[in-house]
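Q: following is a predicted model, sequence given first.
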Amino acid sequence: MGRTMTPEEAAEVRRLWADYYDAAAHALEIMRQEGTTEAVLPRLAIISARAAATMKRLKEIHGIAS
């Protein structure tokens, strides 16, 4: 059986999911408006790194190995 999250962890999880979905929506909006040109890729890489860090933290909280 999994462990119970503290109220602080539950709040963090909600914020992290919001951040993750915001990053995904932001990346999609950039691609929709500007495409995936060479000039856009560095910005998409930054957004992708932010989403990856968010997912890593979510996995840590849930005890999921990366």
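A: Thanks, I have it. The structure displayed is predicted, hence computed values, not measured ones.
Q: give the rounded mean pLDDT of the lengthiest helix in the chain.
A: Counting by DSSP state H, the longest helix found in the chain is helix 7-34. Taken as a whole, helix 7-34 has a mean pLDDT of 96.
Q: ok, then the element right after that helix?
A: Downstream of helix 7-34, the next assigned helix or strand under DSSP states H and E is helix 41-62.
Q: next, the buried residues of that next one.
A: The neighbour-count check on helix 41-62 (16 or more other CB atoms under 10 Å) flags 44, 47, 50, 51, 54, 55, 57, 58 as buried. Glycine gets a C-beta too; all of them are placed from N, C-alpha and C.
Q: and of those residues, the nearest to residue 24?
A: residue 51 (6.3 Å; CB to CB).
Q: tell me who's in contact with the closest one.
A: By CB atoms under 8 Å, 6 or more residues apart in numbering, the contact list for residue 51 reads 20, 23, 24, 27.
Q: could you rerun that using 6 Å?
A: By CB atoms under 6 Å, 6 or more residues apart in numbering, the contact list for residue 51 reads 20, 23.
Q: tell me what the longest helix of the chain is packed against?
A: Applying 3 or more CB pairs under 6 Å, 6 or more residues apart in numbering; DSSP states H and E, we find helix 7-34 packed against helix 41-62.
Q: check what pLDDT residue 1 gets.
A: 52.
Q: quick check: buried residues in stretch 11-24?
A: Applying 16+ other CB under 10 Å to stretch 11-24 flags 16, 19, 20, 23 as buried.
Q: dump those to TSV, plus distance to residue 5.
A: As requested, the buried residues of stretch 11-24 are arranged in TSV below (distance: CB to CB, whole Å):
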residue	distance to residue 5
16	12
19	17
20	17
23	22
